[in-house]
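[1] Return atomic coordinates for the entry below.
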Amino acid sequence: MQSSTQVLLVLFVIALIIVAVLIYLLKQNTKAQDSLEKEMQRRINSEYRLLFEKWKKEYEKTIRKDAASKSQSTLIGKITEHFIPYLPDFPYNPQDARFLGAPIDFIVFDGLSTGEIKEVVLVEVKTNKGSLSKRERQLRDAVNEGKVKWTQIRRAVELESEK
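    Numbers count the residues shown, from 1 in each chain. Here you go, the predicted model:
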């Protein structure tokens, strides 16, 4: 009986050793799996980072090209605004035009240079596909609705008399 107890005890110890080895191997496998997952994640991130950088470079060229084009259009528009009175198709005498720039480009006092003003014209210059801003549309609508008036402001100023 003693020998069967010893055999059982030896078998139990062997079973414990096997369980311990299996637990150790499982932990090692888990560590290896974690390490493998981290490496895979690092590679995926690296790959995505490279793809993103490539996309960004390509898109950046498009953005820069678009910005340069818009900047060029804006610059041409600004130059045109200043010089349009001197171009042949400007319908008024350039001497009658006064540049403001904002909220409209010009006020034309038609006939001012000849001594008889026929009308006052607000002029907004647009090039190519330019469109009116919200403020410019509001100004156009106010003029079209007759919401324009003349006012004179007088201020008395006292000057010190010489002693």
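[2] Count the neighbours of residue 24 for me.
    By other Cβ atoms under 10 Å, 10 other residues sit near residue 24. Every residue, glycine included, has its C-beta placed from N, CA and C.
[3] per-domain residue ranges of the protein.
    Residue ranges for the domains of the chain, per automatic domain parsing: 9-89, 91-144.
[4] JSON lines please, covering these and showing distance to residue 154 and mean pLDDT.
    Listed next are the domains of the chain as JSON lines, based on distance: least, Cβ to Cβ, whole Å; pLDDT from 0 to 100:
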{"stretch": "domain 9-89", "distance to residue 154": "32", "mean pLDDT": "87"}
{"stretch": "domain 91-144", "distance to residue 154": "21", "mean pLDDT": "93"}
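[5] so which of these is the most packed in?
    Neighbour counts (mean count of other Cβ atoms under 10 Å) averaged over each of those peak at domain 91-144, with a mean of 14.
[6] Ends of that domain, what's the gap?
    Across domain 91-144, the terminal residues are separated by 20 Å (Cα to Cα, to the nearest Å).
[7] hang on, the earlier thing: can I get the domains of the chain in CSV with distance to residue 159?
    Converted to CSV, the domains of the chain look like this (distance: least, Cβ to Cβ, whole Å):
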stretch, distance to residue 159
domain 9-89, 39
domain 91-144, 30
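[8] can you give me the offset of stretch 99-113 from its chain's centre?
    Offset of stretch 99-113 from its chain centre (Cα atoms, centre = their mean, to the nearest Å): 33 Å.
[9] next one: stretch 84-93
    36 Å.
[10] Show residues contacting that stretch.
    For stretch 84-93, contacts defined as Cβ atoms under 8 Å, 6 or more residues apart in numbering pick out 94, 97, 105-106, 108, 110, 112-114, 121, 125.
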